[in-house]
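Asker: Need coordinates for the below:
(one chain, ligands or ions: 1)
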Amino acid sequence: MRSTRFGGLTVEVYRDSRELINAAAGSLFSQLRSKKESVIGLATGSTFLPFYAKVVADYRKEGVSFMDAVTFNLDEYYPIANEDSNSYHSYMTANFFSRIDIKKANVHVPDGSAANPELEVREYEEAILRAGGIDLQFLGIGRNGHIGFNEPGTSFESRTHVTNLTDSTLAANRPLFSDSGSQMPVKAITMGIATILSARRLVLIATGETKSDALHSALKGPVTEEVPASVLRKHGNATFMVDEDAIGGMF
Ligand code: F6R
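Answerer: I've put the predicted structure just below:
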């Protein structure tokens, strides 16, 4: 691994995605070792599938438990039934929550079936505050530079809100959306950019060359709402963990 400072953030470049995933899982284990009641922010998508598999496989031998941990997921499609196989509720249950020793009451994913989404987003923010804020937030990055489902143009001041997904995000996520009879929603509930920036520590992971344009803009372009991930350079305690394919010879 080689590491570089980029503005206010650290970029760690791993030889391949396996090394990167080991390191990202390691950052979660050390967080839990230093504070067993940590509040962890979680992401979904294809990048995180091997991450969850690694954490599930290793957490016991790493001597950590999720018994006292609290989690908040970044986002959920809207509208979608929690039990829809394409929901992020289902993704998280299948890949993570049902396979670790976390308490159901400590798990939070925005409710894609909320009848009153405006109330849901307010309550989600309040729940994060009540939990004491997020200690360690994991993030992926969209091909258009989105974080959570904060698409280009989202205000840096935004808190949890309902958003419209862009055509590029819909196209990127469609392969993961199996044909269960449900239409792919065109909206989502997402933590806002200001919500994400309130986390005490941020770890963004990106693998594969489809992410190199977004990483390039986020790291080398202006800090602008047109590239949501660029704001992470202002956080002060953010790390990008990327593989060689994703960084594409940028440095
Ligand atoms: C998902 C999320 C998104 C994804 C991003 C990358 O919870 O917050 O920002 O991290 O769309 O998705 P993949 O990993 O599928 O390329």
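
Asker: who does residue 189 bridge with?
Answerer: residue 76, residue 162 (DSSP bridges).

Asker: Oh, that last question was meant for residue 40, not what I typed.
Answerer: residue 71, residue 136.

Asker: how far away is it from the ligand?
Answerer: Going from residue 40 to the ligand by C-beta to the nearest ligand atom, to the nearest Å gives 13 Å. C-beta: built from backbone N, CA, C; applies to glycine.

Asker: before we move on, what about residue 134?
Answerer: Taking C-beta to the nearest ligand atom, one finds residue 134 at 14 Å from the ligand.

Asker: How much space separates that residue from residue 157?
Answerer: Separation of residue 134 from residue 157 (C-beta to C-beta, to the nearest Å): 18 Å.

Asker: neighbour-wise, which of those two wins?
Answerer: Shown here are residue 134 and residue 157; by other C-beta atoms under 10 Å, residue 134 has more neighbours (24 against 10).

Asker: Quick check: phi and psi on the nearest residue to the more buried one once chain neighbours are set aside?
Answerer: Using C-beta to C-beta, 6 or more residues apart in numbering and skipping the chain neighbours, the partner closest in space to residue 134 is residue 199 (3.9 Å). The phi/psi pair for residue 199 (degrees, to the nearest 10) reads phi -70, psi 150.

Asker: List the contacts of residue 199.
Answerer: Contact partners of residue 199, counting by C-beta atoms under 8 Å, 6 or more residues apart in numbering, are 41, 133, 134, 135, 136, 137.

Asker: hmm, 7 Å instead?
Answerer: Shown in contact with residue 199 (C-beta atoms under 7 Å, 6 or more residues apart in numbering): 41, 134, 136, 137.

Asker: Please, where are all the strands along the chain?
Answerer: 2-6, 9-14, 39-42, 70-73, 75-78, 107-108, 136-139, 161-164, 187-190, 201-206, 238-243 (DSSP state E).

Asker: So which residues make contact with the fourth one?
Answerer: This points to strand 70-73. The contact list for strand 70-73 (C-beta under 7 Å, 6+ apart) reads 39-42, 44, 88, 92, 102, 106-110, 128, 131, 134.

Asker: next one: stretch 228-240
Answerer: Defining contact as C-beta under 7 Å, 6+ apart, one finds that stretch 228-240 is touched by 6-12, 141, 145-147, 150, 152, 154, 156, 193, 197, 200-204, 206, 214, 217-218, 221-224.

Asker: Could you do stretch 8-16 as well?
Answerer: Residues from elsewhere that reach stretch 8-16, judged by C-beta under 7 Å, 6+ apart: 1-4, 20, 23, 219, 232-236, 238-244, 247.

Asker: I am finished for the moment; much appreciated.
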